[in-house]
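Enquirer: Based on what follows, work out the 3D shape:
(chains A, B, C and D)
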Number of protein chains: 2
Amino acid sequence: MMANARKSRRPTLADVAQRVGVSAKTVSRVLNEDGPVSESTRVKVLAAVEELGFQPNLMARNMRMGTRDSTVGLIVPEVGNPFFGALAGGVEGAVRGHGLTLLMAASEEDEQQEHTLVTAFLARRISGLLVVPAAGSNHRYLRRERDSGLPLVFVDRPATGLSADAVVSANEEGARTGVAHLAAHGHRRIAFIGDRPATLYTRKMRQRGYESALEAAGIPYDPSLVVSAHDPYTAGVAVRRLLDSPTPPTAVFTANNVASLGVLPALAEAGRRDVALVGFDDLPLAGVLQPGLTVVAQDPAAIGRAAAEQALARLRGERGAARTVTVTVRLVERGSGELPPPKAQP
Amino acid sequence: MMANARKSRRPTLADVAQRVGVSAKTVSRVLNEDGPVSESTRVKVLAAVEELGFQPNLMARNMRMGTRDSTVGLIVPEVGNPFFGALAGGVEGAVRGHGLTLLMAASEEDEQQEHTLVTAFLARRISGLLVVPAAGSNHRYLRRERDSGLPLVFVDRPATGLSADAVVSANEEGARTGVAHLAAHGHRRIAFIGDRPATLYTRKMRQRGYESALEAAGIPYDPSLVVSAHDPYTAGVAVRRLLDSPTPPTAVFTANNVASLGVLPALAEAGRRDVALVGFDDLPLAGVLQPGLTVVAQDPAAIGRAAAEQALARLRGERGAARTVTVTVRLVERGSGELPPPKAQP
DNA sequence: TTGTAGGCGTTATCAC
DNA sequence: GTGATAACGCCTACAA
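Expert: I've put the predicted structure just below:
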């Protein structure tokens, strides 16, 4: 009744060969269109391959040929996060045309887990490794890999303890632009709602941009206007507290989309249509809001693409010092960032 | 100057063994905590491993042990799409704890490419295969794989030409609920904006739900209210045309998030706050809109998780007939779906 | 045009 | 405790 396929192991080159009455090498030749093969055996071999459902074993092939596995590893903090998902899409698209496949895993922002994943990836002899470093992780241990020529690119955040290729957004410049935009519209009390932990690379860079925009506008830095949040809820709570303070901000700069997703509902519920807002990172319905959400838009797919291309370049044999590519961001004015402060000067 | 690491191939078990003055098998024993090893050699071996930067070659190991590659392949139409990204996140999370890694590629909704990717995945001897079928693809050719025990799960859309495990959303029921919701609020002209091609599984199921809700409400089916769109722009155009018609709808049901993303701006630009709207698929800022967007929310991460778990169960040896898991959806009322028709009956 | 020997890096087996 | 040998499935090198 039941097919006896269960027990039987998969057919190998030898099985096909035996079935046809030729040597394994001949089958190999047919399949790889290698040396010359008579048309008659070619046909018979292909028939047997079809009949037995033979599929070449890539692991054996790679091993024999000494080639690396045709995958590119990508480690991100969170696979489900839309930002990293779009980034992964950029990597996959860039890599697929080169016969490479994306191998992806989540570090959950845990340096230990990141290390474990990296090790597992190296064990499978991947062709390239892209890492969005977990907060606090150190990459000294990858020195040997980098030196041995493994394409190694850090994405969104640079490596720590190791000089290596990296692709990042124009974080500081973008934040500076966004905050300067608010200042240009007359705001002098501008809150900054950033990532937690505050030591996170992107958080630091964006805060630096915030501070430099304030300075350029001649606005004194007020630490009470700078808060941290790691999820929408705490961001919402934080912004309410700020608005309820004796000296509230008239504008808010959210340093990432998580913060924006918390601040927007908080403002809506509080009925505060008067507070100006610029967010780092674009969001799907940003243009449909009333007013539209002004953002400093990153291009996660472009970041992924750039990282993949850097890895491919190294794979091609390009040598030279570690290179950091900065992907531009752009200010998208939609209304929320152009609101004037309540008591505009006459 | 330059390290001579470039040329030297990676150290193997034999290299480590030679360095210590033991056999390869002993090193293997130490690393796998296999047979008994004296403490002194254990220490020496580990030191050599460290020093040489030895990393076991998984390909060789798998080959020798006859085990499959510790990866689970996932093929989606588009990696960058937030829906599939979240789905992939569910898969990755479910699979990671089992020592499996996610291998992901995009079919770009092309059956040919899907086939190519499947073949490539099978060649690397993956432990399980999850596929979101491209529109129009046929899966008869996977019959042998399924029979040989490879965990094979179709996700979001069922297989064609093959009876196999599948995980899908409650598409028909969800659409029926959403449309019934509009009908319950007094609407009798309800437009349906669905996927293109109209033969797509999810599109068909959702339209079926739409039609059955109409029937239950005693509303005649009007084909002029049913349109297709594959991107936000065409969806926006379609809805405008509908609203400008002599007998316009008073409510719209968007059968996927792409349609919602096109219809929402179109309504906003037209200043049509009176048109009721229910969308299939949730969106990040849906609750911040004025009015909030009422949706039939899918749970893509849960779909991915369920698919991965089904594959893991098969991997554990669970036999039995193909099984289809339906993941529930839920209606989230936020305002847009509760708007009454303009001329409400007294 | 086709076949044989050997080895890629690892582990199972069985001996010492 | 430890080691020699063979084998996993494939391809390179060389021979026939």
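Enquirer: can we go C-alpha only for contacts and neighbour counts from here?
Expert: OK.
Enquirer: in which helix or strand would I find the spatially closest residue to A:Val49 that is not a sequence neighbour?
Expert: Nearest residue to A:Val49, sequence neighbours excluded (CA to CA, 6 or more residues apart in numbering or on different chains): A:Val16, at 6.2 Å. Assigning secondary structure by DSSP states H and E places A:Val16 in helix A:13-20.
Enquirer: Give me the contact list for the following helix or strand past that helix.
Expert: Next along the chain after helix A:13-20, taking DSSP H and E as the criterion, comes helix A:24-32. For helix A:24-32, contacts defined as CA atoms under 8 Å, 6 or more residues apart in numbering or on different chains pick out A:Leu13, A:Ala14, A:Val16, A:Ala17, A:Gln18, A:Asp34, A:Gly35, A:Pro36, A:Val37, A:Arg42, A:Val45, A:Leu46.
Enquirer: pLDDT and neighbour count for these - can I get that in JSON lines?
Expert: Below are the contacts of helix A:24-32 laid out as JSON lines (pLDDT from 0 to 100; neighbours: other CA atoms under 10 Å in any protein chain shown):
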{"residue": "A:Leu13", "pLDDT": "94", "neighbour count": "19"}
{"residue": "A:Ala14", "pLDDT": "93", "neighbour count": "17"}
{"residue": "A:Val16", "pLDDT": "94", "neighbour count": "27"}
{"residue": "A:Ala17", "pLDDT": "93", "neighbour count": "20"}
{"residue": "A:Gln18", "pLDDT": "92", "neighbour count": "14"}
{"residue": "A:Asp34", "pLDDT": "86", "neighbour count": "12"}
{"residue": "A:Gly35", "pLDDT": "82", "neighbour count": "10"}
{"residue": "A:Pro36", "pLDDT": "88", "neighbour count": "10"}
{"residue": "A:Val37", "pLDDT": "90", "neighbour count": "14"}
{"residue": "A:Arg42", "pLDDT": "93", "neighbour count": "18"}
{"residue": "A:Val45", "pLDDT": "94", "neighbour count": "23"}
{"residue": "A:Leu46", "pLDDT": "94", "neighbour count": "17"}
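Enquirer: DNA strand C: which of these is nearest?
Expert: A:Val37 (3.3 Å; CA to the nearest atom of the strand).
Enquirer: So what does that closest one have for phi and psi?
Expert: Main-chain dihedrals, A:Val37, degrees, to the nearest 10: phi -140, psi 140.
Enquirer: measure it to A:Gly136 for me?
Expert: As judged by CA to CA, to the nearest Å, A:Val37 and A:Gly136 stand 58 Å apart.
Enquirer: Contact partners for the residue of the stretch 101-250 of chain A found nearest DNA strand C?
Expert: Nearest residue of the stretch 101-250 of chain A to DNA strand C (CA to the nearest atom of the strand) works out as A:Ala123 at 8.4 Å. Each residue near A:Ala123 by CA under 8 Å, 6+ apart is listed here: B:Gln55, B:Pro56, B:Asn57, B:Leu58.
Enquirer: Among those, name the buried ones.
Expert: Buried residues within these, counting neighbours by 16 or more other CA atoms under 10 Å in any protein chain shown: B:Gln55, B:Pro56, B:Asn57, B:Leu58.
Enquirer: Keep only those residues that also lie close to DNA strand D.
Expert: With CA under 7 Å from any atom of the strand as the criterion, the buried ones among the contacts of A:Ala123 include none near DNA strand D.
Enquirer: Going along the chain, name the helices of the stretch 51-200 of chain A.
Expert: A:58-65, A:82-96, A:111-123, A:143-147, A:171-184 (DSSP state H, counting those that start in this stretch).
Enquirer: Is it possible to get CSV of those that adds mean pLDDT and distance to B:Arg146?
Expert: Converted to CSV, the helices of the stretch 51-200 of chain A look like this (pLDDT from 0 to 100; distance: least, CA to CA, whole Å):
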stretch, mean pLDDT, distance to B:Arg146
helix A:58-65, 95, 20
helix A:82-96, 98, 26
helix A:111-123, 97, 28
helix A:143-147, 94, 39
helix A:171-184, 98, 48
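Enquirer: Take these and lay them out in JSON lines including distance to B:Asp69.
Expert: As requested, the helices of the stretch 51-200 of chain A are exported to JSON lines (distance: least, CA to CA, whole Å):
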{"stretch": "helix A:58-65", "distance to B:Asp69": "9"}
{"stretch": "helix A:82-96", "distance to B:Asp69": "20"}
{"stretch": "helix A:111-123", "distance to B:Asp69": "12"}
{"stretch": "helix A:143-147", "distance to B:Asp69": "23"}
{"stretch": "helix A:171-184", "distance to B:Asp69": "39"}
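Enquirer: out of the ones you listed, nearest to A:Arg316?
Expert: helix A:82-96 (12.9 Å; CA to CA).
Enquirer: can you list the weak-confidence ranges in chain A?
Expert: For chain A, residues meeting the criterion pLDDT under 70 lie at A:1-8, A:344-346.
Enquirer: Kindly recompute the last result at 80.
Expert: A:1-9, A:343-346 (pLDDT under 80).
Enquirer: of the buried ones among the contacts of A:Ala123, list those near chain A.
Expert: B:Gln55, B:Pro56, B:Asn57, B:Leu58 (CA under 8 Å from any CA of the partner chain).
Enquirer: tell me the contacts of A:Arg10?
Expert: Contacts of A:Arg10 (CA under 8 Å, 6+ apart): A:Phe54.
Enquirer: Quick check: it vs B:Arg140, distance?
Expert: 19 Å.
Enquirer: Report the contact partners of A:Thr202.
Expert: A:Thr202 neighbours (CA under 8 Å, 6+ apart): A:Asp156, A:Arg157, A:Asn171.
Enquirer: The residue nearest to A:Val49 against A:Gly53, yeah?
Expert: No - using CA atoms under 8 Å, A:Val16 makes no contact with A:Gly53, being 9.5 Å away.
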